[in-house]
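Asker: here are the coordinates; sequence isn't available:
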């Protein structure tokens, strides 16, 4: 998989990871979902799993603050 496709896929999935419809999730819920998604994407693309989990957790926890998932 090319790096450009992996980056677009990662950005899209990280943005969607924190968006859970109909269950009124907390920041912690979104961070856990984002961390799991980020770790999987990082592993599949050959990058640091810990770094992917950290980026996913941050994206999940902060997505409602930037009005991405409400």
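Answerer: That came through, no problem. All values derive from a computational prediction rather than experimental measurement. Numbering: from 1, shown residues only.
Asker: If you average the pLDDT over the longest helix along the chain, what comes out?
Answerer: The helix spanning the most residues in the chain, taking DSSP state H as the definition, is helix 27-45. The predicted model assigns helix 27-45 a mean pLDDT of 85.
Asker: all helices of the chain, in order?
Answerer: Ranges of helices within the chain are 3-17, 27-45, 49-62, based on DSSP H.
Asker: Format the ones you listed as CSV; extra columns: mean neighbour count and distance to residue 69.
Answerer: For the C-beta atoms, the positions are set from N, CA and C on the backbone; glycine is no exception. Shown next, in CSV, are the helices of the chain (neighbours: other Cβ atoms under 10 Å; distance: least, Cβ to Cβ, whole Å):
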stretch, mean neighbour count, distance to residue 69
helix 3-17, 15, 8
helix 27-45, 19, 7
helix 49-62, 20, 9
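Asker: want to try a markdown table for those helices, with distance to residue 68 as columns?
Answerer: Listed next are those as a markdown table, based on distance: least, Cβ to Cβ, whole Å:
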| stretch | distance to residue 68 |
| --- | --- |
| helix 3-17 | 6 |
| helix 27-45 | 10 |
| helix 49-62 | 8 |
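Asker: hmm, back to that, what is the longest helix of the chain packed up against?
Answerer: Packing contacts for helix 27-45, counted by 3 or more Cβ pairs under 8 Å, 6 or more residues apart in numbering; DSSP states H and E, involve helix 3-17, helix 49-62.
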